[in-house]
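Trainee: okay, predicted coordinates and the sequence, questions at the end:
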Amino acid sequence: MTDTANLHTELEADAASAASWGAIIAGAAVALAITILLVLLGAGFGLAAISPWPHAGAGATKIGAAAVSWLVVTQWIAALLGGYITGRLRTKWVGAHSHEVFFRDTAHGFVAWAVATVVGAAFLATGLNAALDLAGPTAMAQSGSRGDHGAYWVDSLFRGNDQETAQVDDATRAEARRIVIVDAADANRAEADRAYLAQLVASGTGLDPAAATARVDQVTAAMRQAADGTRRAGARLAIATAIAMLIGAFIASVAAAHGGRLRDESSP
C-alpha cells in the first residue's frame, strides 16, 4: 500500500510543471520596477547635467557615453535583484537531484529576465519617444541641426552676407531641402544636382558662383558628417545594449540559482 502511494505521488510530481510561475512573475516585476526607477533617476541626472548654453555643462558625447553606461548598470542591477527574488520565492522541489535543482533555478532566472525584457519592450517605444522629446531641444542645439528634415541646412545655404537668411520663396527652399537630404544619404550625388543647387544659392543670396559652390560643398559635408555621427552612435548603442542584455541574462540565472540554494538551505 505504501509503495502504491509513493508511486502515485511520484507520478503526480512528474506530471506537474517544474516552473514556479508565481516566482517568475514576481522576479520579472521586481526587475521591471528597478529598471524604471534607475532609468528615471539616470534621466534626471542626465538632464540636469546638460546645459542649453554653448560650451557649458556636459557635451553631447559625454552625455551619450554616460547614458549608455547607466543603462548597462541598470540592466545588471535589475537582472541581479529580479533573478535573486525568483530563486528565493520558488517552491521547493522535493526529491529532485541537485543538478536538476541547479538547472531549474537558472532556468527560472532566465525566464524571469525574458519576461521582464518582453514586457519592457512593449513600453520601450513610448518611453523612447518621450526621452527623445525631452532630449531633442538640447541635442539639436548642440549638434546644430533641427528635427524638420533639413530646414536648418537650407537656412545655412541661403544665409546672406549679413548672416541673415535671404528671402527665398517656399518652392525654392523646398526644392533645395530635397536635394540636400538626398545628398546626405548618397555622397555620390550627380554633378548636375550640385551645380543646380549652387545656382539656386547664388540667385537667392547674391553670391558669386564660386562662393555659392563652396557654400554648397561646406553645408552638404557638414550635414553628411552629422548623419554619419548619428549612425555610428546608433550602432554603438545597439551593440552595447545587446551585450548588456546578454550579461544581464547570465546575471539573472546565476542570482536565481544562488537564491534557490539559500532557500533550500533555510527550509526544513
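Mentor: Structure's in. What do you need?
Trainee: please make it C-alpha for all contacts and neighbour counts, starting now.
Mentor: OK.
Trainee: and the next element down the chain from the helix or strand of the chain with the lowest mean pLDDT?
Mentor: Here the helix or strand of the chain ranked lowest by mean pLDDT, DSSP states H and E is helix 2-15, holding a mean of 47. Toward the C-terminus, helix 2-15 is succeeded by helix 21-49 as the next helix or strand (DSSP states H and E).
Trainee: and the helices in the stretch 51-200 of the chain?
Mentor: Taking DSSP state H, counting those that start in this stretch, the helices of the stretch 51-200 of the chain run over residues 60-89, 98-122, 124-143, 151-157, 170-185, 191-205.
Trainee: any chance of those helices in JSON lines, plus mean pLDDT, distance to residue 226 and mean neighbour count?
Mentor: Output for those, formatted as JSON lines (pLDDT from 0 to 100; distance: least, CA to CA, whole Å; neighbours: other CA atoms under 10 Å):
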{"stretch": "helix 60-89", "mean pLDDT": "83", "distance to residue 226": "13", "mean neighbour count": "22"}
{"stretch": "helix 98-122", "mean pLDDT": "90", "distance to residue 226": "28", "mean neighbour count": "20"}
{"stretch": "helix 124-143", "mean pLDDT": "50", "distance to residue 226": "8", "mean neighbour count": "13"}
{"stretch": "helix 151-157", "mean pLDDT": "77", "distance to residue 226": "11", "mean neighbour count": "21"}
{"stretch": "helix 170-185", "mean pLDDT": "75", "distance to residue 226": "9", "mean neighbour count": "17"}
{"stretch": "helix 191-205", "mean pLDDT": "79", "distance to residue 226": "19", "mean neighbour count": "18"}
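Trainee: dump those helices to CSV, plus distance to residue 239.
Mentor: Below are the helices of the stretch 51-200 of the chain laid out as CSV (distance: least, CA to CA, whole Å):
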stretch, distance to residue 239
helix 60-89, 10
helix 98-122, 16
helix 124-143, 17
helix 151-157, 30
helix 170-185, 23
helix 191-205, 36
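Trainee: and of those helices, who's closest to residue 234?
Mentor: Taking CA to CA, helix 60-89 is the member of the helices of the stretch 51-200 of the chain nearest to residue 234, at 10.4 Å.
Trainee: follow-up on the earlier one: indicate which one of the helices of the stretch 51-200 of the chain is closest to residue 20.
Mentor: helix 98-122 (7.7 Å).
Trainee: quick one: the strand or helix carrying residue 225 to helix 191-205, angle?
Mentor: Here residue 225 sits within helix 209-266, counting by DSSP H and E. For helix 209-266 against helix 191-205, the angle by axes from the mean of the first three to the mean of the last three CA atoms, to 10 degrees is 110 degrees.
Trainee: quick check: angle from helix 209-266 to helix 60-89?
Mentor: Computed by the same axes, to 10 degrees, the angle between helix 209-266 and helix 60-89 is 20 degrees.
Trainee: what about helix 209-266, average pLDDT?
Mentor: Taken as a whole, helix 209-266 carries a mean pLDDT of 84.
Trainee: by how many degrees do it and helix 21-49 diverge?
Mentor: Using the same axes, to 10 degrees, helix 209-266 lies at 140 degrees relative to helix 21-49.
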